[in-house]
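**Q** Sequence and predicted structure are below.
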Amino acid sequence: MRRQKWPAVRGLATAVSAVALVVSSGQPGRSSDHFDSPAMTGNPQADIGDVYAWTASEGDRLNLGMTVVGHTFSDRLQYIFRIDSGKAFGRTTASTEIICRFPAPKMASCQLGTVDSVEGDASDAEGLESRNGHFRLFAGLRDDPFYNNVKGSLAAYGVVLAALKSGAAQPDEAGCPQLDEETIAKVGPG
């Protein structure tokens, strides 16, 4: 990719992810959430799993990644990255928004403030380059090695807790409870 006045944006993603990059010299941020309200679990397309941000090793590009729990993006929602930057930590001198919409399967429309935009099929691993070359977008399915089926995990914990309370789990030589075959079968493949 060619060098430009504005750093190029290159997207990397996991799970269903909207990805874009913009100018920033700030430190990378990390966030994660794994337990949500009933409103979020009821609409997996609106449930953001993780947000990733990191700068390229040259320090001239900011990479952003977002995962959603649903396997598709909603055509009724906006997915927004809000980026604040400045030369000193905690001293914001510029704010930028990247707003993405997904009007149809595999189709994306993203706006980088008033500076640049991109529209089209963003599911190709190479992504789409924006009109003015300020960012690149990828949006599609990716394997998430950290995916956690929270509902399934909670159900399995419930089965094990019930077995512990009923005495179905007998301790081994070290005193650790061992599940019987019936409980193991209820928990699922391991």
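**A** That came in fine, so what should we check first? Residues are numbered from 1 along each chain as shown.
**Q** those helices in this protein, which residues are they?
**A** Along the chain, counting by DSSP state H, helices occupy 38-41, 150-166, 181-187.
**Q** Grab the most central residue of the protein for me.
**A** Residue closest to the average C-alpha location in the chain (C-alpha atoms, centre = their mean): T67, at 2.0 Å.
**Q** All the strands of this structure, residue numbers only.
**A** Ranges of strands within the chain are 16-20, 30-32, 48-55, 62-68, 79-85, 94-104, 107-112, 116-121, 128-129, 136-140, 170-171, 177-178, based on DSSP state E.
**Q** and of those, who's closest to K151?
**A** For K151, the closest of the strands of the chain is strand 48-55, at 13.7 Å, according to C-beta to C-beta. (Glycine included, C-beta is placed from N, CA and C.)
**Q** and the angle for the closest one with strand 62-68?
**A** For strand 48-55 against strand 62-68, the angle by axes from the mean of the first three to the mean of the last three C-alpha atoms, to 10 degrees is 170 degrees.
**Q** Could you tell me which strands strand 48-55 is paired with, and in which direction each runs?
**A** Note on strand 48-55: by DSSP bridges, its sheet partners are strand 30-32 (antiparallel), strand 62-68 (antiparallel).
**Q** Now for A94, how many residues are close by?
**A** Other residues lying near A94 total 11 when counted by other C-beta atoms under 10 Å.
**Q** Pairing partners for it in the sheet, please.
**A** Beta-bridge pairing for A94 (DSSP bridges): S85.
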